[in-house]
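> Can you look at this prediction? I've put the sequence above it.
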Amino acid sequence: MPGGRLTQHERRQIALGLADDLPYAEIARRLERPTSTVTREVMRNGGPVAYRADLAHHATEHRARRRRAAAPSSAGTQAGPQPHGRDSEAVAAYEERLTTVLMASGLNRMAARVITCLSTTDTGSLTAAELAGRLQVSPASISKAIAFLESQSLVRRERDERRRDRYIVDGELYYQSVIASARANDRVVEAAREGVAVLGPGTPAAVRLENIARFLDHISESIVHAADQARDVLHARPEASTGE
């Protein structure tokens, strides 16, 4: 079985396999590579839709050069063995996939990487220095990402016993984010109804705006009601399987 880094030829074979809608396991079998290697390669370079072999190869070479250049100053910051017997390659591939999904939802890459890092840490809590070390980026990059995520209610900060800021992601934050998103519609509703008065009630434009306002009002209230009803789910522990 081949080892080491993927070659440019192998990346082109991956691109061809994706174009033919082959599953990762089949592409890996043809390359005689682990499935996790192919999965990680695709997710790290745009996902199955945006993957381009030549771009992926150049990006990998660029990352390798950056790692070599940063090696003296970053010693000791690399992640150690995974807890709970987790497969390191599978975890890395999953982190790339989650980051890609979060980016598709509207987050920039650094914010998505921070959320992924916090979400896949058992404590759900890291300091800025720990985030910078795990992601191998500058503290300034972490600070900028955290500022954005806090503004979106996607992370919160707490002071630990050593008076360090710790950044936390948990279920309650998802509840607060959903509520904030729903309430953001209220401003659109208000603006639409202002337009009704300006354009004249009963005119085609005013009717359109009033219908938009009514629709968003209904959706917002439905979201808030559903979030309140389901809130406890975020704090529940899944029941252990009975094995039946």
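Looks like it arrived, so ask away.

> Distance of residue 170 relative to residue 214?
Using Cβ to Cβ, to the nearest Å, residue 170 is found at 35 Å from residue 214. For glycine as for every other residue, the C-beta is placed from the backbone atoms N, C-alpha and C.

> try residue 16
51 Å.

> Likewise for residue 190?
13 Å.

> same check, this time on residue 21
In terms of Cβ to Cβ, residue 21 sits 43 Å off from residue 214.

> Assign a three-state SS to the residue most central in space within the chain, would you?
Compute the mean C-alpha point of the chain, and by Cα atoms, centre = their mean the closest residue is residue 102, 3.1 Å away. Here residue 102 is helix, with the state taken from DSSP: H, G, I helix; E, B strand; the rest coil.

> residue contacts, residue 34?
28, 89 (Cβ atoms under 8 Å, 6 or more residues apart in numbering).

> Please renumber the chain so that the first residue is 279 from this point on.
Sure, I'll start numbering at 279, so the last one becomes residue 312.

> Ramachandran coordinates for it?
For residue 312, the backbone dihedrals (degrees, to the nearest 10) come out as phi -60, psi 150.

> Report how many residues lie close to residue 313.
17 (other Cβ atoms under 10 Å).

> Residue 304 is in contact with that one, correct?
No. In this structure, residue 313 is not within contact of residue 304 by Cβ atoms under 8 Å, at 9.1 Å.

> picking that back up, which one of residue 299 and residue 492 is surrounded by more residues?
Neighbours per residue (other Cβ under 10 Å) separate residue 299 from residue 492, with residue 492 holding more: 13 against 8.

> okay, now residue 460: neighbour count?
The burial count assigned to residue 460 is 19, neighbours taken as other Cβ under 10 Å.

> if I look at it, how far off is residue 472?
Separation of residue 460 from residue 472 (Cβ to Cβ): 20 Å.

> Domains in the protein, by residue range?
According to automatic domain parsing, the chain is divided into the following domains: 286-341, 385-447, 450-513.

> ends of the second one, how far apart?
End-to-end span of domain 385-447 (Cα to Cα, to the nearest Å): 15 Å.
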